[in-house]
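Asker: One predicted model, sequence on top.
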Amino acid sequence: VASQAENTRLQLRNDSMQLHKLKQDRLMLAEEQESNALKQKVVKAIRKKHTLLMGFATIAITVILGIAVILLIYARERMKLIRDKQKQLRQELARAQEMDRMQDSFVHNMSFNVRTPLNSIVGLSEVLLNNGSELTPEDREVIKNNIMSSSDELTTLVNDVLRKALSSSHLQIWIPLCLL
C-alpha cells in the first residue's frame, strides 16, 4: 500500500511536471505565435511602406523623365528657331553686301560719267576765259558747242538719276548719292 501510494504520488508528481511542462510549452508556443504574428505585421507594414515608396519613386521618375522630354523638345525647337534666324541673317547680310557692292559700283560709274562732261565743261570754259581773244570764231563756236553738249549730257545724267531715285523703292540710297 505504501508502495502503491508512493507510485501514485510519483505518478502525480510526474503528471504535475508534465502538466507544468505542457503549460510552459503552450505558453512558449503562444509567445512564439504572438511573436510571429507581430513579425508578420512588421513585415506587412515594411512591404506596404516599400510599395508606397516605390510608387512615389516611380511617379517622381516619370515626372522627371516627362520634364526632361519636354525640355529636350523645347531645346530642339529653340535650336531650330535659332538656325532659321541665323540663315535669315546670313541671307540679309548677303543682300546687304550685294547692295553695298552695287552702290560702290554705281558711285564709281557715276563718278566717271559725271566727271567726264564736267571736266570738259570746266576745261573748255577755262580755254575760253584765258585764251578767248586768241581763238578764231570757228574755234570758239566748236568750244561753245562742246560745252553745251557736255552740259546737256550732264543734265540728262542728273535728271535720270533723280528720276530713278524718286521712282525707286531705294530712295534712301539714291538721294544721298545725288546730293554728293
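Answerer: All right, it came through fine.
Asker: only C-alpha atoms for contact and neighbour calcs from this point on.
Answerer: OK.
Asker: Now residue 136: phi and psi?
Answerer: phi -80, psi 160 (degrees, to the nearest 10).
Asker: Give the full set of residues in contact with it.
Answerer: Counting by CA atoms under 8 Å, 6 or more residues apart in numbering, residue 136 touches no other residue.
Asker: quick one: it from residue 149, how far?
Answerer: Look at residue 136 and residue 149: by CA to CA, to the nearest Å, they are 20 Å apart.
Asker: now residue 50
Answerer: Relative to residue 149, and taking CA to CA, residue 50 is found at 104 Å.
Asker: Which one of these two is surrounded by more residues?
Answerer: The residue with more neighbours, out of residue 50 and residue 149 and counting by other CA atoms under 10 Å, is residue 149; that gives 15 against 12.
Asker: Could you check how far that one is from residue 114?
Answerer: Counting by CA to CA, the gap from residue 149 to residue 114 is 13 Å.
Asker: mind listing the helices for this protein?
Answerer: Remark: helices assigned in the chain by DSSP state H are 2-131, 137-167, 171-179.
Asker: In TSV: the ones you listed, plus mean pLDDT.
Answerer: Output for the helices of the chain, formatted as TSV (pLDDT from 0 to 100):
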stretch	mean pLDDT
helix 2-131	91
helix 137-167	85
helix 171-179	49
